[in-house]
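Colleague: A predicted structure for the sequence below; I have some questions about it.
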Amino acid sequence: GQSLEQPSEVTAVEGAIVQINCTYQTSGFYGLSWYQQHDGGAPTFLSYNALDGLEETGRFSSFLSRSDSYGYLLLQELQMKDSASYFCAVSLYGGATNKLIFGTGTLLAVQP
Amino acid sequence: DTEVTQTPKHLVMGMTNKKSLKCEQHMGHRAMYWYKQKAKKPPELMFVYSYEKLSINESVPSRFSPECPNSSLLNLHLHALQPEDSALYLCASSQDEGGYYEQYFGPGTRLTVT
């Protein structure tokens, strides 16, 4: 089976940098992605790592190390609107199409 | 247009009712998904359709019946549900032409079974 573990909650202040970790136990996946979900809203795609290393998209960066079974999402210059749940997810080949398996999720609270 | 729409936004149904959830996308995506999400939990995959054919059924009880009438529409028919089926039901779509593509999610239908 697959499991992706994340810290349940993280708190940070506006303007700070926060790192949300994702450790996984899964074999054979295309890549690691990150989704953001505001309370009552839809998950929205943030970032994807197909290869080991750092991917940067504006204030957000994501990192993957397959050898360490580990990834993280780095959020810089935190804003109040970044308060949301963040999910890592692995993309597995499910036959005719891919499927996402989500991590346990991290609730980020940004304080003034 | 990068929007996935879902109707209704909220649904309350009794355990003997039959209802349907609807999902629509006009991005030309050929893969569509149904997820179930409980409060403070991650989305859990239920079904995947690829090119209008059911590709994945994650051992979902038969009281949930998916349907893909065409490449833009996805339905989830509900019958004889249990209170524990109360959750947010999310629809998503992706290009799915091999490899990985990001999934676009709709806002969800919040279902309450009484």
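Modeller: Structure's in. What do you need? Please read these numbers as outputs of a predicted model, since none were measured by experiment.

Colleague: partners of the strand ranked longest in chain A, with directions?
Modeller: Counting residues, the longest strand found in chain A (DSSP state E) is strand A:84-93. Using DSSP bridges, strand A:84-93 pairs in its sheet with strand A:32-37 (antiparallel), strand A:98-102 (antiparallel), strand A:106-111 (antiparallel).

Colleague: Mind telling me which of these the model trusts least?
Modeller: Confidence, taken as mean pLDDT, is least for strand A:98-102 of the strands paired with strand A:84-93 (a mean of 87).

Colleague: Give me the contact list for that one.
Modeller: A:2, A:4, A:26, A:30, A:33, A:35, A:87-92, B:31, B:33, B:42-45, B:48, B:56, B:94, B:96, B:99-101, B:103 (C-beta atoms under 8 Å, 6 or more residues apart in numbering or on different chains). Every C-beta, even on glycine, is put in place using the N, C-alpha and C of the backbone.

Colleague: which among those end up buried?
Modeller: A:4, A:30, A:33, A:35, A:87-92, B:31, B:33, B:42-45, B:48, B:56, B:94, B:96, B:100-101, B:103 (16 or more other C-beta atoms under 10 Å in any protein chain shown).

Colleague: And what about residue A:81, helix, strand or coil?
Modeller: Secondary structure, DSSP: H, G, I helix; E, B strand; the rest coil: residue A:81 is helix.

Colleague: do you know how far it is from chain B?
Modeller: According to C-beta to the nearest C-beta, to the nearest Å, residue A:81 stands 18 Å off from chain B.
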